[in-house]
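J.: I need the structure of the sequence given here:
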Amino acid sequence: MVLGVDGGTSKTLALVADISTASIVGFGSAGGSNFQANGLSKSGKEIQKAIEQASRGLKSALFIEAAFCMSGADRPKDYEIIRKIIVGIGFKSSFSVYNDLDAILYSGQPDGGCDC
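T.: Prediction:
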């Protein structure tokens, strides 16, 4: 299983995919998780809520990999803050943090890659 989180100022979405079947097996949504707009505590709570909803009914909430595409991830310091928020909510799987715009640029490439 892999996890994708799109954290924005107004909402946070989480999807869990089963890579063996290439299918979405979980979806969650919550309020905004941009720490710059909503604060550190609220950001963590909303990320956690979206992940819990997306993971509901799964045997395990451990993922092969997770990608957090987050609004507010603009500078190296922002990435560190977001990593601390994710670890602070008890997230145990391997993960990467990206700016939410990176996800849009990456998904728009015909070969799935990004020339950014």
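
J.: need the helices for this protein, in chain order.
T.: 35-38, 40-55, 76-88, 100-107 (DSSP state H).

J.: for Q36, give its distance to E80.
T.: In this view, Q36 and E80 are 13 Å apart by Cβ to Cβ, to the nearest Å. All C-beta atoms are positioned from the backbone trio N, CA, C, and that covers glycine.

J.: cool, D74 as well?
T.: Using Cβ to Cβ, D74 is found at 12 Å from E80.

J.: quick revisit: now tabulate the helices of the chain in a markdown table and tack on mean neighbour count and mean pLDDT.
T.: Below are the helices of the chain laid out as a markdown table (neighbours: other Cβ atoms under 10 Å; pLDDT from 0 to 100):
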| stretch | mean neighbour count | mean pLDDT |
| --- | --- | --- |
| helix 35-38 | 18 | 94 |
| helix 40-55 | 20 | 97 |
| helix 76-88 | 16 | 97 |
| helix 100-107 | 15 | 70 |
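
J.: among the ones you listed, which is nearest K11?
T.: Proximity to K11, assessed across the helices of the chain by Cβ to Cβ, is greatest for helix 40-55 (8.4 Å).

J.: run the chain-centre distance for the closest one.
T.: Relative to its parent chain, helix 40-55 has a centroid offset of 9 Å by Cα atoms, centre = their mean, to the nearest Å.

J.: now swap in stretch 87-101 and tell me
T.: Worked out by Cα atoms, centre = their mean, stretch 87-101 lies 6 Å from the chain centre.

J.: other residues contacting that stretch?
T.: By Cβ atoms under 8 Å, 6 or more residues apart in numbering, the residues outside stretch 87-101 that reach it are 3, 6-8, 44-45, 47-48, 51, 62-71, 73-74, 79, 82-83, 86.

J.: run a quick neighbour tally on D74.
T.: Neighbours of D74 under the rule other Cβ atoms under 10 Å: 12.
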